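> need a 3D model of the sequence below.
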Amino acid sequence: MNKIRSSWSSNLGFILAAAGAAVGIGNLWKFPYIAWENEGGAFVLIYIGCVLLIGIPIMSAELFIGKKSKLNPVSGMLQLGSGLPGGNKWRFVGWLGIISSGIILSYVNVISGWAVFYFLKCIDWSLFGYTPIENHFNIFLENSVLQLILSLLFSIATATIVMRGISGGIEKANRLLMPALFILLVTLLLYTFGMEGSAHAFKFIFEPRFSNLKIESILEAMGQAFFSLSLGMGVMITYGSYLKKHSKIFNNAIIIVSMDTFVALIASIIMYTIIFTFPQIESGISSSTTGMLFTTLPPLFYTEISWGKLLGPVFYLLIVFGAFSSTISLLEVVVALLIDQFNFSRKKATFISAISIFIITIMVVLSLNSQNGFSNFNPFGNSHSGILYELNQIIFRGKMGFMTIADHAVANWLLPLTGLLTTLFFGWFLPRNIGKNEMKKFLFGNKDNKIYTIFMFLIKFVTPAAILYIIYSILTGASDFT
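Just a heads-up that it's a prediction; the model follows:
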């Protein structure tokens, strides 16, 4: 712990890396699906409001904890929590983030493999001709060996970057990935301007229709605002620990959140333009978040969309870049823990972390194949009545399968709980140890910022209340963020 801590070479490098952590496949895939299900317009407006009231305060709090402690989430919470009510127990908040990152990475590895598969498949179709195959994606999911190979290759690529360190690996990679991602995204957006459904797409996403808004939609917006920014995973605490002394946390948080929201909105415009141009694909959307991305869109590039032979590979390369920026940040959370807590070298910490997480990835892949027991995995068993059945209904909503259960546990339980405890820790306990002037200086770069009062009101009252509402909706079954 006495080693000189690595740091970002510049504030721009940090912003690109942190934006890369936030801007992942959730923005390119899940947000468009959720916004579509909630009829766009009003949902998007509520989502932006939630980003301002929930996203920016929590991200600022997490970056502050990292920058102040210069440690990983577990050690950072332990250090800053020393002497406070609860004392050493605050470190368990950090452990929740570490566990969440490891679990999320285990199945993001798999989804990243899907993106790589379709990128390579599109190149094949573009060069040698498209051959339609019925249930193509389902057949692919049953091929566990191929999925394991793709996931392993993606894991190795991620570990290679993380092993090279902060400025020489993670920052350098994101300096290439993020500009490339934005260029690809804008290229696809410009192309869709010439499609018939473009005007309808803009109207759908930006024209509020509050008569169609449901209470469930507000909950969905709150949940998505929380999850899409990589909050509660320990990522921003870890990245914040590499910040230099004079970095302005609040300003950086605004920039990162803005970039994240921009990508989500542009991705939605692209998706909706395609949907409104080719109405026949709507039937492939509502079934699941993977419906349009991996089932309906691939053949559409080669049967309906002009220049589809070029746009198909570009589109899936965009997904690959988004996935890669996410996996790098998630692995670094676990690596930082091993370096700080056990004094491991970066190489050793990366190797152990990647191997350990890939063991979970194997179980995720096996759970996608209906021919083995992992697809029916349930920690409470498969009984259809009794106490265990009721517990499964309460905690996992009756879901089955290792990947489904893991995703549900993280999204519905671990992340909201971690976010709530982090907010309470920062808003109600830290001021006793840190002091108002020091908090202002860390957050805003000066001691006299008037926004501080508004910020502390949000972090003390508004943000915790919003997260408690999310947790209440989960407990009552009103919402399911998976």
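
> show me the contact partners of stretch 378-387.
N376, L388, Y389, L391, N392, I395, F396, K399, M400, I405 (CB atoms under 8 Å, 6 or more residues apart in numbering). Backbone N, C-alpha and C define where each C-beta goes, glycine included.

> 6 Å instead?
The contact list for stretch 378-387 (CB atoms under 6 Å, 6 or more residues apart in numbering) reads L388, Y389, L391, N392, M400.

> who wins for most neighbours among those?
N392 (20 neighbours; other CB atoms under 10 Å).

> that one and A466, how far apart?
28 Å (CB to CB, to the nearest Å).

> kindly reformat the contacts of stretch 378-387 as CSV containing distance to F137.
Shown next, in CSV, are the contacts of stretch 378-387 (distance: CB to CB, whole Å):
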residue, distance to F137
L388, 33
Y389, 31
L391, 33
N392, 28
M400, 20
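
> for the longest helix that the chain contains, the distance to its chain's centre please.
In the chain, with assignment by DSSP state H, the single longest helix is helix 91-128. Centre-to-centre, helix 91-128 and its host chain are 11 Å apart (CA atoms, centre = their mean, to the nearest Å).

> so what does the helix or strand just after that helix touch, helix or strand wise?
Scanning forward in sequence from helix 91-128 by DSSP states H and E, the next helix or strand is helix 136-142. Under the contact criterion of 3 or more CB pairs under 6 Å, 6 or more residues apart in numbering; DSSP states H and E, helix 136-142 touches no helix or strand at all.

> and with 10 Å instead?
helix 91-128, helix 144-163, helix 297-303 (3 or more CB pairs under 10 Å, 6 or more residues apart in numbering; DSSP states H and E).

> which residues does the last one contact?
Contacting residues not belonging to helix 297-303 are listed as 118, 121-122, 125-126, 129-133, 136-137, 271, 274-275, 277-278, 280-281, 284, 291-292, 305, 307-316 [CB atoms under 10 Å, 6 or more residues apart in numbering].

> write a ChimeraX command that selects only the buried members of these.
Listed next is the ChimeraX selection for buried residues among these, using 16 or more other CB atoms under 10 Å:
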select :118,121,122,125,126,130,136,137,271,274,275,277,278,281,284,291,292,305,308,309,311,312,313,314,315,316
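
> how close does the closest residue to S326 other than its chain neighbours get to L229?
Sequence neighbours aside, G24 is the residue nearest to S326 in space, at 3.4 Å (criterion: CB to CB, 6 or more residues apart in numbering). Distance of G24 to L229, given as CB to CB: 10 Å.

> can you tell me the SS state at L243?
Reducing the assignment at L243 to three states with DSSP: H, G, I helix; E, B strand; the rest coil gives coil.

> re earlier: shared neighbours, G24 and L229?
Common neighbours of G24 and L229 (CB under 10 Å, 6+ apart) are D260.

> so what's the residue lying closest to E304 once chain neighbours are set aside up against?
Closest residue to E304 apart from its sequence neighbours, by CB to CB, 6+ apart: F278 at 5.6 Å. Applying CB under 10 Å, 6+ apart to F278 gives the contacts M195, E196, G197, T296, L297, L300, T303, E304, I305.

> so which of the helices and strands packed on helix 136-142 is nearest F455?
helix 91-128 (20.5 Å; CB to CB).

> sorry, back to before: tell me the phi and psi of the residue nearest to S326?
phi -130, psi -160 (degrees, to the nearest 10).

> ok, it to I215 distance?
Distance from G24 to I215, by CB to CB: 28 Å.

> which one's more surrounded, those two?
Neighbours were counted for G24 and for I215 using other CB under 10 Å; G24 has more, 29 against 10.

> N212 - how many residues pack around it?
Neighbours of N212 (other CB under 10 Å): 13.

> ok, now F342?
For F342, using other CB under 10 Å, the count is 10.

> which non-adjacent residue is nearest it?
Nearest to F342 is A349, by CB to CB, 6+ apart, at 7.8 Å.

> what's the angle from the helix or strand containing that neighbour to helix 144-163?
Element membership of A349, judged by DSSP H and E, is helix 346-367. Angle between the axes of helix 346-367 and helix 144-163 is 160 degrees (criterion: axes from the mean of the first three to the mean of the last three CA atoms, to 10 degrees).

> so how far is helix 346-367 off the chain centroid?
19 Å.

> by contact count, what packs against that helix?
Using 3+ CB pairs under 10 Å, 6+ apart: helix 346-367 touches helix 91-128, helix 144-163, helix 308-342, helix 402-409.

> the helix or strand that comes right after it versus helix 402-409: what angle between them?
Next along the chain after helix 346-367, taking DSSP H and E as the criterion, comes helix 387-396. Angle of helix 387-396 versus helix 402-409, following the same axes, to 10 degrees, is 60 degrees.

> gap between helix 387-396 and the chain center?
27 Å.

> thinking again about what came up before, could you dump the contacts of stretch 378-387 into TSV with pLDDT and distance to L146 added?
Converted to TSV, the contacts of stretch 378-387 look like this (pLDDT from 0 to 100; distance: CB to CB, whole Å):
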residue	pLDDT	distance to L146
L388	82	35
Y389	83	35
L391	83	36
N392	83	31
M400	86	23
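
> which one of the residues you listed is nearest to F64?
Closest to F64 out of the contacts of stretch 378-387 is L391 (37.4 Å), distances taken as CB to CB.

> where in the protein is pLDDT low?
By pLDDT under 70, the weakly predicted segments of the chain are 1-3, 282-292.

> residue at max distance from the center of it?
Taking CA atoms, centre = their mean as the measure, the residue most remote from the mean C-alpha position of the chain is G386, 35.7 Å away.

> from S151, how far out is it?
From G386 to S151 the distance is 36 Å (CB to CB).

> swap in L141?
L141 is 13 Å from S151, by CB to CB.

> identify the contacts common to those two.
V110, W114, V365.

> reformat those residues as TSV; add distance to L45 and neighbour count.
Formatted as TSV, these follow (distance: CB to CB, whole Å; neighbours: other CB atoms under 10 Å):
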residue	distance to L45	neighbour count
V110	34	21
W114	32	24
V365	39	28
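
> and of those, the nearest to A180?
W114 (19.9 Å).

> so who does that closest one touch?
25, 137, 140-141, 147, 150-151, 290, 293-294, 316, 319-320, 323, 368.

> same thing with K244?
S7, W8, S9, S10, N11, F14, K67.

> those residues in helices, which ones?
Per DSSP H, the contacts of K244 map to helices at N11, F14, K67.

> isn't the second one right up against Y242?
In other words, F14. Yes. In this structure F14 lies within contact range of Y242 using CB atoms under 10 Å: 7.2 Å.

> got the buried residues for stretch 363-379?
Buried, per 16+ other CB under 10 Å, within stretch 363-379: V364, V365, L366, S367, L368, F374, S375, F377, N378.

> ok, the fifth one - contacts?
Think L368. 107, 110, 114, 138, 140-144, 147, 374-375, 401-404.

> how close does it get to D407?
Taken as CB to CB, the span from L368 to D407 is 12 Å.

> pull up the overlap in contacts between those two.
Y107, G401.

> contacting residues for the nearest residue to E62 once chain neighbours are set aside?
Nearest residue to E62, sequence neighbours excluded (CB to CB, 6+ apart): M236, at 3.8 Å. By CB under 10 Å, 6+ apart, the contact set of M236 is 18, 21-22, 58-66, 73, 97, 229-230, 249, 252-253, 256, 329, 333, 422.
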